[in-house]
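**Student:** Build me a model from this:
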Amino acid sequence: MLEKIKGEQTDQLFRAILELNDLDECYAFFDDLCTIGEVQSLAQRLDVAVMLKKKHTYDKIQSETGASTATISRIRRCVDYGTGGYNLIVDRLNEKQESSTEENTR
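**Tutor:** This next block holds a predicted model:
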């Protein structure tokens, strides 16, 4: 399944993303790389995945993110049956948030 996006250009893009050191660098790179709409669309999709993993309803996800039910359904399929990318990142984000919360309560 990953073969559909693999290629030298994609490898170069992903290597470039891995070179980013902080949020400011991410903002600068993605501002140059993508339109505002593209970045917002990517951010919305990740937000939908986060909410799906938290078992929110489609109605709540749609009202909070503005995503269409078609987009939510597509992301749901990826979360449930995809290559694991959303799950990997959402789980890591949750782990970092939990560890940060624990450090702040000490």
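
**Student:** roughly how far out does the helix-or-strand element of the chain with minimal mean pLDDT sit from the chain middle?
**Tutor:** One helix or strand of the chain scores below all others by mean pLDDT, DSSP states H and E: helix 85-104, with a mean of 88. Centroid separation between helix 85-104 and its chain, computed with C-alpha atoms, centre = their mean, to the nearest Å, is 13 Å.

**Student:** Repeat that for stretch 21-35.
**Tutor:** Centre-to-centre, stretch 21-35 and its host chain are 15 Å apart (C-alpha atoms, centre = their mean).

**Student:** about what we covered before: contacts for the least confident helix or strand of the chain?
**Tutor:** Residues outside helix 85-104 that contact it (C-beta atoms under 8 Å, 6 or more residues apart in numbering) are 46, 49-50, 53, 75, 78-79. Glycine gets a C-beta too; all of them are placed from N, C-alpha and C.

**Student:** Distance of the most centrally placed residue in the chain relative to Q12?
**Tutor:** The chain has L46 as the residue nearest its centroid, 3.2 Å off, counting by C-alpha atoms, centre = their mean. Distance check for L46 against Q12: by C-beta to C-beta, to the nearest Å, it reads 22 Å.

**Student:** Would you map out the domains in this structure?
**Tutor:** Per the record, the chain has its domains at 1-33, 44-106, by automatic domain parsing.

**Student:** Can you tell me which of these is most buried?
**Tutor:** Greatest average neighbour count among those goes to domain 44-106 (a mean of 14), per mean count of other C-beta atoms under 10 Å.
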